[in-house]
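1. Next comes the sequence, and after it the predicted model I'd like to discuss.
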Amino acid sequence: MVQLWGEAHRHTPKPQHWYNFSIGSSEAHRALRINTRENELSCEIYINKNKDLYNFLMDKKEDIETELNSSLDWIEASKATRIVQRLPNFDLDNDENIEKDFDWFIERATIFHRVFGKLIKLYKNQN
């Protein structure tokens, strides 16, 4: 059972390198990813087929990055868009850092929910 905030939800385990979380809207979701090929963790906002929402958030890029205290990768593609924060130099086999690295996941998922959740709600209320 997963409960990072709010209601607990049961997720069926799947053999994927990402884990999706709701952000309170069908317009977007949060994803946590483990990339063993690039040795990095990432937390992202995934927006499917809504360029207007992506542009709305892009207009607030400076404020978002200031609140997150980090620069983000803003990836615009033809179908889906992503806003990503990465933690490089991740080593799944390093037992000494694994707890710290996964704490980063929890922290990022929580702050992404707070920062992007309120903006996505604002976007929905304006449209």
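-> The structure has been received and is ready for your questions.
2. which ones are touching the nearest residue to D73 once chain neighbours are set aside?
-> In this structure, D73 finds its nearest non-sequential neighbour in V84, 4.3 Å apart by CB to CB, 6 or more residues apart in numbering. Every C-beta, even on glycine, is put in place using the N, C-alpha and C of the backbone. Residues in contact with V84 (CB atoms under 8 Å, 6 or more residues apart in numbering) are S42, C43, E44, L72, D73, I75.
3. Beta-bridge partners for V84, please?
-> Legend: beta-bridge partners of V84 under DSSP bridges are E44, D73.
4. where's it relative to Q126, distance?
-> 25 Å (CB to CB, to the nearest Å).
5. Equivalent analysis for R108, please.
-> According to CB to CB, R108 and Q126 sit 26 Å apart.
6. Quick check: of the contacts of V84, which lies closest to Y19?
-> C43 (10.3 Å; CB to CB).
7. I figured E27 hits K121, correct?
-> No: using CB atoms under 8 Å as the test, E27 is too far from K121 to be in contact (10.2 Å).
8. So between these two, which is more surrounded?
-> Between E27 and K121, counting by other CB atoms under 10 Å, E27 is the more crowded of the two (17 against 13).
9. more crowded one of R108 and Q126?
-> Taking other CB under 10 Å, R108 and Q126 do not tie; R108 has more neighbours (21 against 7).
10. who's in contact with that one?
-> Counted by CB under 8 Å, 6+ apart, R108 has contacts L32, C43, Q85.
11. Just confirm the first one contacts F21, I think it does.
-> Yes: if you go by CB under 8 Å, L32 and F21 touch, sitting 7.4 Å apart.
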